[in-house]
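Enquirer: 3D, please:
(one chain, ligands or ions: 1)
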Amino acid sequence: MEDPITRRGFLKAAGACASVTLLGTSLLDGVALAAPIGVRRNVGGMSATDPVILTYRKAIKAMQALPVTDPRSWSYQAAIHGTVATPVQTAWNTCEHGSLFFWPWHRMYLYWFERIVRKMAGDCDACWTLPYWDWSSPSQRQLPAMFRDTTSELYVQNRRQAMNDGTGSLPPSYVDYGAAFSAVDFASASASLEGTPHGAVHVGIGGWMGGVNTAAQDPIFYLHHCNIDRLWNLWLAQGGGRSNPLGDANWKTRKSTFFDENGFEVQMTSCQVLRAAEQLNYVYEGEPDQIKQYCERIRLPWVFERVVLIRFPIPPIVLEARPVSVDLSLAEVRGRLPSIARSDTETLFLELEDVEAERPPGIVWEVHLGDRAAAQADGASLLGTLAMFGAGIKSDAHHDPKPARFVFPIRGAALARLASDPAQVPLTFVARGVLVDGKQTEPEPQAPVRIGRVSLVVETRKASST
Ligand code: C2O
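Expert: I've put the predicted structure just below:
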């Protein structure tokens with residue numbers, strides 16, 4: 001093995017890594033390896049000839065050339081996330097959606113994928129790191145240009161045409177993680193973020209990305225999830241008692257299966273992916289210091305209790321191309337809402353449950369607490385988006401037959417409105433397609449969505465005794 005100094009010299013010469021001045025320690029399975037820490041960079045700052053991009057292309061080509069039985073092949077890796085192919089091989093269809101494993105499972109998946117890419121590209125060894133696509137940044141709402149080049153391994157023909165030809169961009173409501181970040185409880189933050197922006201970006205890109213069984217065949221998948229993974233760090237870094245669910249023994253000890261760069265099966269638990277820099281040897285370009293949490297040293301400042309305040313007695317809501325509004329009667333809960341709005345320890349959520357579609361609708365609906373006029377007017381009534389991905393699509397049911405659930409923290413103007421003592425409040429759903437040439441489009445859903453249950457849930461934060 002090269003010593004770290006030699007390696008650093010090599011990397012600098014290759015110009016492939018943003019920073020190799022830090023030394024990190026990898027603690028996988030108790031083996032400590034000193035290696036230069038990898039910096040996962042923003043794709044927004046890269047040109048098509050950036051070594052990170054060229055290496056990725058080279059690796060994709062090599063992985064696509066491997067037989068599908070090789071766990072390092074492009075199709076096997078994608079099938080670990082999801083596939084309809086049979087017979088089902090080890091670790092196929094194991095992606096985690098709608099559970100507390102959403103963040104850790106995808107972190108593990110990216111980690112092993114990154115190691116395979118390094119090996120497959122051959123020329124870059126430990127230096128290649130997965131770039132991230134920061135779609136929230138107003139200058140990066142289009143699919144990154146090198147993924148639109150039809151001659152590149154990064155190109156996938158079946159994406160939404162506007163995303164592929166560069167006219168399309170993701171609307172602000174698709175990429176807003178403010179609601180998710182306001183949640184202090186891990187379960188609420190993860191559930192909220194999994195819907196918006198995670199699911200909305202999947203649907204916005206469309207094609208393979210739009211379905212859980214095909215998503216990871218698109219090379220942009222890994223950059224999308226790299227950003228989701230970065231947001232895990234950023235969510236924690238906000239502090240305020242935010243923590244991983246370290247009191248949950250199953251979350252900490254359950255093993256997930258992957259393959260390493262030599263094709264050998266490996267297993268991992270959430271406890272092995274809590275501290276990205278220390279355990280997995282990477283940081284994100286521009287991120288604040290990573291919060292270090294330890295499975296053995298648990299200090300949970302809060303415990304969270306969730307109580308359904310009201311389940312609205314309304315018939316199922318059907319979402320189609322035209323906006324729909326339903327009136328939610330608040331008569332029963334009027335006494336409670338003002339005090340929740342004033343409270344520091346109580347948070348109100350809108351929950352949509354039993355959400356199903358026969359097929360992927362291919363579009364996203366904005367969810368507003370307000371009428372249609374308010375929904376058109378400004379962002380103040382916006383709670384988030386409803387994007388079907390990962391659950392609730394019956395045609396994908398072999399993978400995940402459970403209906404989808406969406407969690408929306410109610411904050412700001414929407415919360416003030418509820419607290420102002422109205423007898424009822426309209427809930428409005430507006431179909432929202434990607435922007436084309438910066439303008440709104442009229443999206444046509446390929447299938448309607450049915451929402452079975454609508455509730456208000458109060459989450460109370462209490463001092464923990466651990
Ligand atoms: Cu497991 Cu974004 O999907």
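
Enquirer: excluding its backbone neighbours, what's nearest the residue of the stretch 1-150 of the chain found nearest the ligand?
Expert: As assessed by CB to the nearest ligand atom, the ligand sits closest to Cys95 within the stretch 1-150 of the chain, at 3.8 Å. C-beta here means a position set from N, CA and C on the backbone, and glycine is covered the same way. Distances taken as CB to CB, 6 or more residues apart in numbering place His81 nearest to Cys95, at 4.5 Å, with adjacent residues excluded.

Enquirer: ok, that neighbour - contacts?
Expert: Counting by CB atoms under 8 Å, 6 or more residues apart in numbering, His81 makes contact with 93-95, 109, 212, 215-216, 221.

Enquirer: JSON lines for these, including pLDDT and neighbour count?
Expert: Shown next, in JSON lines, are those (pLDDT from 0 to 100; neighbours: other CB atoms under 10 Å):
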{"residue": "Asn93", "pLDDT": "94", "neighbour count": "18"}
{"residue": "Thr94", "pLDDT": "94", "neighbour count": "17"}
{"residue": "Cys95", "pLDDT": "95", "neighbour count": "22"}
{"residue": "Tyr109", "pLDDT": "98", "neighbour count": "25"}
{"residue": "Val212", "pLDDT": "93", "neighbour count": "24"}
{"residue": "Ala215", "pLDDT": "97", "neighbour count": "23"}
{"residue": "Ala216", "pLDDT": "98", "neighbour count": "24"}
{"residue": "Phe221", "pLDDT": "98", "neighbour count": "22"}
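
Enquirer: among the residues you listed, which are in helices?
Expert: 109, 221 (DSSP state H).

Enquirer: my guess is the residue of the stretch 1-150 of the chain closest to the ligand contacts Trp105, does it?
Expert: Yes. Contact criterion CB atoms under 8 Å: Cys95 and Trp105 qualify, at 6.5 Å.

Enquirer: if I look at the residue nearest to Cys95, how far off is Met108?
Expert: 12 Å (CB to CB, to the nearest Å).

Enquirer: quick check: residues of the stretch 51-200 of the chain near the ligand?
Expert: Within the stretch 51-200 of the chain, the positions near the ligand by CB under 6 Å from any ligand atom are 81, 95, 97, 106, 198.

Enquirer: scan this structure for its longest strand.
Expert: strand 449-463 (DSSP state E).

Enquirer: in its sheet, what does it sit against?
Expert: Taking DSSP bridges as the criterion, strand 449-463 forms sheet pairs with strand 302-311 (antiparallel), strand 317-319 (antiparallel), strand 346-357 (antiparallel).

Enquirer: show me what counts as buried in the second one.
Expert: Okay, so that is strand 317-319. Buried positions in strand 317-319, judged by neighbour count with 16 or more other CB atoms under 10 Å: 317, 319.

Enquirer: burial count for Pro87?
Expert: 5 (other CB atoms under 10 Å).

Enquirer: and it, what does it touch?
Expert: Applying CB under 8 Å, 6+ apart to Pro87 gives no contacts.

Enquirer: helix, strand, or coil at it?
Expert: Following DSSP: H, G, I helix; E, B strand; the rest coil, Pro87 is assigned to coil.

Enquirer: what's the spacing between it and Ala79?
Expert: Separation of Pro87 from Ala79 (CB to CB) stands at 11 Å.

Enquirer: excluding its backbone neighbours, what's nearest Val407?
Expert: In space, Val407 is closest to Ala191, 4.2 Å off (CB to CB, 6+ apart).

Enquirer: how close does the one you found sit to the ligand?
Expert: 14 Å (CB to the nearest ligand atom, to the nearest Å).

Enquirer: report whether that residue is found in a helix, as I expect.
Expert: Yes. Judged by three-state DSSP, Ala191 forms part of a helix.

Enquirer: what's near enough to touch Val203?
Expert: 209-210, 360-364, 387-389.

Enquirer: not counting sequence-adjacent ones, nearest residue to the residue nearest the centre of the chain?
Expert: Geometric centre of the chain, nearest residue: His198, 3.8 Å, by CA atoms, centre = their mean. Setting aside the residues directly before and after it, His198 is nearest to Ile228 in space (CB to CB, 6+ apart), at 5.6 Å.

Enquirer: look up the pLDDT of the one you found for me, please.
Expert: pLDDT, Ile228: 98.

Enquirer: brilliant, that's me finished.
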